[in-house]
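**Q** Make a model of this:
(one chain, ligands or ions: 1)
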Amino acid sequence: MLTSLRGFRYYLLLQSPLTHPREASNVKHYFHPMSRGATTNWMLEELDVPHEQIVIDFSAGETNSPEYRAINPMGKVPTLVDGDAVVTETAAICAYLADKFPEKGFAPPPGSTDRGRYYRYLFVPGITIEPLFSLNAIGISHPNPQSAGWGDLSRVVDTMESMTPEVGWALGDRFTAADVVFGGMLDISIQFGWLEKPSPRIKAYVERIRERPAYRATHPESWYQ
Ligand SMILES: N[C@@H](CCC(=O)N[C@@H](CS)C(=O)NCC(=O)O)C(=O)O
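**A** I've put the predicted structure just below:
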């Protein structure tokens, strides 16, 4: 069982085929298959967005080039460039794409009750779940959970559990970007062994996620078989 992002990278290096190249378009996706870019790649596949796939090998230092830093000063992948719009951060890219293609129904209307719930599913993974588990995986816990935005392990696990839908998807019957971001984080939490004992509810939701054709087209086979 993988326990770290580094393990994930080497694992994918051995296992994952590169995703299918797509026709050139105004949308450029800077990514690497062994990175969080797998999630944005999945989102692009869900929406069937024509785009140019630009592989940036961060382990070879390509994120440090002046050209790439001019696009993303954090020197991280993924980055999405759509004409003049530059979008970084996995959840932001998924949210941007969902809004850009409203006809696909991947985001509830702004101002609706569901939109509030949707934002929660988009923001909790990167702001709360990931920092807690990244530190936990290397044996670090914040000395003061009241001032750490992610609190502590038991609060994060309880939150993940309570946000996981018992049936269907995060917002009900319709699969949305909330499932790509939140469901993707639960999937990674299981794959990396961050969640030591995933509950039956979390396991069942992640199984549903792994059934999606777009997930399967963008993830290594061993993740879902
Ligand atoms: N918060 C960012 C994190 C992106 C990130 O950490 N990407 C890693 C690969 S998974 C990276 O590009 N690392 C290269 C580096 O930091 O030099 C997101 O969600 O997109």
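
**Q** Arg210 - how many residues pack around it?
**A** 16 (other C-beta atoms under 10 Å). C-betas here are computed from N, CA, C, even on glycine.

**Q** contacting residues around it?
**A** 187, 216, 219, 223-224 (C-beta atoms under 8 Å, 6 or more residues apart in numbering).

**Q** change it to 6 Å
**A** Tyr224 (C-beta atoms under 6 Å, 6 or more residues apart in numbering).

**Q** can you check Ile190 too?
**A** 198, 206.

**Q** Am I right that it falls within a helix?
**A** Yes. Using DSSP: H, G, I helix; E, B strand; the rest coil, the assignment for Ile190 is a helix.

**Q** That one and Thr113, how far apart?
**A** 30 Å (C-beta to C-beta, to the nearest Å).

**Q** Strands of this protein, residue ranges please.
**A** Using DSSP state E, the strands of the chain run over 27-31, 52-55, 79-82, 85-88.

**Q** Just put the ones you listed in TSV and tack on distance to the ligand and mean neighbour count.
**A** Output for the strands of the chain, formatted as TSV (distance: least, C-beta to the nearest ligand atom, whole Å; neighbours: other C-beta atoms under 10 Å):
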stretch	distance to the ligand	mean neighbour count
strand 27-31	9	23
strand 52-55	12	16
strand 79-82	8	22
strand 85-88	6	15
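
**Q** Could you list the domains of this structure?
**A** 5-104, 113-216 (automatic domain parsing).

**Q** what residues does this structure put near the ligand?
**A** 35-36, 58, 63, 75-78, 89-90, 126 (C-beta under 6 Å from any ligand atom).

**Q** Mind doing that once more with 5 Å?
**A** 35-36, 58, 63, 76-77, 89-90 (C-beta under 5 Å from any ligand atom).

**Q** so how many other residues sit close to Thr90?
**A** The burial count for Thr90: 28, using other C-beta under 10 Å.

**Q** Arg201 now?
**A** Count around Arg201 with other C-beta under 10 Å applied: 15.

**Q** quick one: contacts for it?
**A** 164, 166.

**Q** and what of the one 4 residues further on?
**A** Counting by C-beta under 6 Å, 6+ apart, Tyr205 touches Thr164.

**Q** Need the per-residue pLDDT for Cys223.
**A** In this structure residue 223 is Trp, not Cys. Reported pLDDT at Trp223 in the predicted model: 87.

**Q** same question, Asp84
**A** Reported pLDDT for Asp84: 96.

**Q** Make 36 the first number, not 1, from now on.
**A** Done: numbering now begins at 36, and the last item shifts to Asp119.
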